[in-house]
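Asks: I need the structure of the sequence given here:
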Amino acid sequence: MRQALVVFGILFLSALAHSAIIYVPDDHPTIQGAIDASQFGDTVIVRPGTYVENIDFSGKPVTVQSEQGAEVTIIDGQNPSDPTKGSVVTFASQETALSKLEGFTLINGTGSLDPLIGLYWGGGIFCYKSSPWIAECIIKNNVAEDPANQDGLGGGIGCIDCGGIIISNAIHNNSAVDGGGIVCIVHTGDSPTILNNEIYLNQAESGGAIRTDDASPLIVGNLIHSNSAEWGGGIDMDNNSSGTSVMSNLISNNNATTGGGGIGIGDCSPNVENNIIVGNTSQIVGGAVACSASNVVLENNTIVGNAAVNSGGALSADETSDVTVVNSVLWDNSAPSGPEIYIGNWASSTSSVTVSHCDVDGGQSLVHVSSGCTLNWGAGNIDDDPLFADGANDDYHLTWSSPCRDVGDNNAVTTSMDYEGNPRTALGTVDMGADEYYYSLYYMGDVVPGSTFTIKVVGYPTAPITLAFSSALANFPLNTPHGDLWLQWPPAWSGPIGSVPGNGVLDFTATAPAGWIAGDIKYLQALVGPWGASLTRLTDPAALIVE
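Replies: Residues are numbered from 1 along each chain as shown. Next comes the predicted model:
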């Protein structure tokens, strides 16, 4: 066995030593030609341009990346004459994470025929029994459809028994019957990680942005907005997708014509926590979340300003669902029946909802409980304005005076971080909502050279704020009595910018220097409080992205 491992190691190192860089169109006129000519560990670099082709990694453990980014490097599927080759990119030969696609715009794909059940999948990317790395792509204007009946799955990406990483992509204006942006279905394989993508303006009958079916993907840190579907305008989790984790996403302004404007949950028990779910709508039930025949725990979510035309502005639970809502904020949601929560008995079924340690607008008065159903109104619930930093402008940070601070249930906490990655029990007791009160530094608006933008610091009232600015972060932070100092020192500038007012949020107007260049990243960090005081802390650094 040891000898076999030694031989494998020699072969592996040998392959790496001989890895090559292949340029398109310099060395090969097409991307597919470069992939076909590549060997283990090679990198295919594609010059800017539009390439009208459909590419298949064919099991090759190689990296295919653009030279100058997705905006200027386009792969156009262009509705090819062979409908079985209609996906722009295919991973269907047991590719692993060593097969990487980075930095392309993928357009005009129509999907590929699944050999297992005979449906068309993945207009932009078809992934079958593989686990590739897909990063920094723009996946738009694709459809998944059978040429005979328009029935297909995964307009942007279709994943069948697939793992892998889908990270930092823009996925928009795609369509399919299920999963306008992404569909994940598992028969015998794995599920992917869907991380830090922006998924918007996609359409489907179920799952406008994402649909999971008997799958368990990790859906974390995504911006999911402005998608539409009949069920699950943003996300639809169905058919035993009980291992799915939906965490730390911003789910906003999605629409469902039947149920689940933000999230639709059917016949499964997913994990839903640390999400901000705002401004979603449903034409019937569940403006934010609709649960059908499911057992669900909604933990540390901020659910604000959602609406249903019929019932359950924030949450509807029906068809024998059992839903627990804990450490969450349900505020300013609307519906004729159960503006905050609707517990239904459709088809003579019974459902129950347990609410504890939550801030619920209107308390029990805005909860509708149908005959035969149950509301368990637990300990620690309040009905007070959560005092967000600036809810009118979608800033849902808690402030020092928020009644949601330090009043949650620590026993219900299952993760160590909040929506932004700050410590979940920063001051000893968990807060209500997706945001854990923590000294925070962030900015609002676009950072455009020569224009102004707003820097915000959340801290305790009267705390003096010292801001520092640098062009880079240190490789290792400098540990101080008030936390880690991440900025490369000395900074380009540092100085006082004022004190936190009574509302707990300091607004500071700054002007981006005219000499800054679009695409640059600048870093800020602030000291909240005077040096040496017990309440003084350093914020995490903020990255300013120059537009």
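
Asks: Give me the pLDDT value at Gly445.
Replies: At Gly445, the pLDDT value in this model is 88.

Asks: before we move on, what about Ser328?
Replies: In this model, Ser328 carries a pLDDT of 98.

Asks: Repeat that for Val6.
Replies: 42.

Asks: just the one 4 residues further on next, same as before
Replies: Per-residue pLDDT puts Ile10 at 42.

Asks: do the same with the one 3 residues further on
Replies: Listed pLDDT for Leu13 reads 46.

Asks: where do the helices sit along the stretch 251-400 of the chain?
Replies: Shown for the stretch 251-400 of the chain, no helices are assigned by DSSP state H, counting those that start in this stretch.

Asks: in it, which ranges drop under the pLDDT threshold?
Replies: Residues of the stretch 251-400 of the chain meeting the criterion pLDDT under 70: none.

Asks: all strands of the stretch 401-547 of the chain, in order?
Replies: 440-444, 452-458, 464-470, 473-480, 483-487, 493-499, 505-511, 521-528, 537-538, 542-545 (DSSP state E, counting those that start in this stretch).

Asks: mind putting these in JSON lines, distance to Gly156 and mean neighbour count included?
Replies: Placement of C-beta: from N, CA and C, glycine included. Output for the strands of the stretch 401-547 of the chain, formatted as JSON lines (distance: least, C-beta to C-beta, whole Å; neighbours: other C-beta atoms under 10 Å):
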{"stretch": "strand 440-444", "distance to Gly156": "29", "mean neighbour count": "19"}
{"stretch": "strand 452-458", "distance to Gly156": "31", "mean neighbour count": "19"}
{"stretch": "strand 464-470", "distance to Gly156": "37", "mean neighbour count": "19"}
{"stretch": "strand 473-480", "distance to Gly156": "33", "mean neighbour count": "12"}
{"stretch": "strand 483-487", "distance to Gly156": "35", "mean neighbour count": "18"}
{"stretch": "strand 493-499", "distance to Gly156": "42", "mean neighbour count": "13"}
{"stretch": "strand 505-511", "distance to Gly156": "37", "mean neighbour count": "16"}
{"stretch": "strand 521-528", "distance to Gly156": "27", "mean neighbour count": "22"}
{"stretch": "strand 537-538", "distance to Gly156": "40", "mean neighbour count": "22"}
{"stretch": "strand 542-545", "distance to Gly156": "24", "mean neighbour count": "15"}
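
Asks: In a markdown table: those, plus distance to Thr96.
Replies: Formatted as a markdown table, the strands of the stretch 401-547 of the chain follow (distance: least, C-beta to C-beta, whole Å):
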| stretch | distance to Thr96 |
| --- | --- |
| strand 440-444 | 37 |
| strand 452-458 | 42 |
| strand 464-470 | 38 |
| strand 473-480 | 30 |
| strand 483-487 | 34 |
| strand 493-499 | 46 |
| strand 505-511 | 45 |
| strand 521-528 | 31 |
| strand 537-538 | 40 |
| strand 542-545 | 31 |
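
Asks: These: which one's closest to Ala176?
Replies: Shortest distance between Ala176 and the strands of the stretch 401-547 of the chain, using C-beta to C-beta, is found for strand 542-545: 31.5 Å.

Asks: What's the mean pLDDT across that closest one?
Replies: Strand 542-545 carries an average pLDDT of 93.

Asks: May I have the strands that pair with it, each with its orientation?
Replies: Here strand 542-545 is paired, per DSSP bridges, with strand 521-528 (antiparallel).

Asks: got the contact list for the strand it pairs with?
Replies: For strand 521-528, contacts defined as C-beta atoms under 8 Å, 6 or more residues apart in numbering pick out 439, 441, 443, 447, 455, 457, 459-460, 463, 465-473, 482, 485-488, 497, 500, 516, 536-546.

Asks: Tyr439 contacts Ala542, correct?
Replies: No - with contact defined as C-beta atoms under 8 Å, Tyr439 does not reach Ala542; the gap is 11.9 Å.

Asks: Find the nearest non-adjacent residue to Ser348, please.
Replies: Excluding its sequence neighbours, the residue lying closest to Ser348 (C-beta to C-beta, 6 or more residues apart in numbering) is Gly372, at 7.6 Å.

Asks: Tell me the spacing between that neighbour and Ala347.
Replies: Taking C-beta to C-beta, to the nearest Å as the measure, Gly372 falls 12 Å from Ala347.

Asks: Settle it for me: which of these two has more neighbours?
Replies: More crowded of Gly372 and Ala347, by other C-beta atoms under 10 Å: Gly372, with 12 against 8.

Asks: show me the residues around the more buried one that make contact.
Replies: 345, 348, 350.

Asks: Name the nearest residue to the first one, sequence neighbours excluded.
Replies: Nearest in space to Asn345, with sequence neighbours left out and distances taken as C-beta to C-beta, 6+ apart, is Ser370 at 4.2 Å.

Asks: Burial check on that neighbour, number of neighbours?
Replies: 19.

Asks: Nearest residue to Val72 in space, please, no chain neighbours.
Replies: Closest residue to Val72 apart from its sequence neighbours, by C-beta to C-beta, 6+ apart: Pro48 at 4.1 Å.

Asks: is it true that that neighbour touches Gly103?
Replies: No - applying C-beta under 8 Å, one finds Pro48 not in contact with Gly103, separated by 10.6 Å.

Asks: Give me the more crowded residue out of the two.
Replies: Each of Pro48 and Gly103 has its neighbours counted (other C-beta under 10 Å); Gly103 has more, 22 against 12.

Asks: okay but that one is in contact with Ile139, surely?
Replies: No - with contact defined as C-beta under 8 Å, Gly103 and Ile139 do not form a contacting pair (11.9 Å).

Asks: thinking Asn169 is in contact with Trp133, fair?
Replies: No - with contacts counted by C-beta under 8 Å, Asn169 stays clear of Trp133, the gap being 11.2 Å.

Asks: what residues are shared contacts of Pro48 and Gly103?
Replies: In contact with both Pro48 and Gly103: 66, 73, using C-beta under 8 Å, 6+ apart.

Asks: And Ile107, how far from Gly123?
Replies: Using C-beta to C-beta, Ile107 is found at 9 Å from Gly123.
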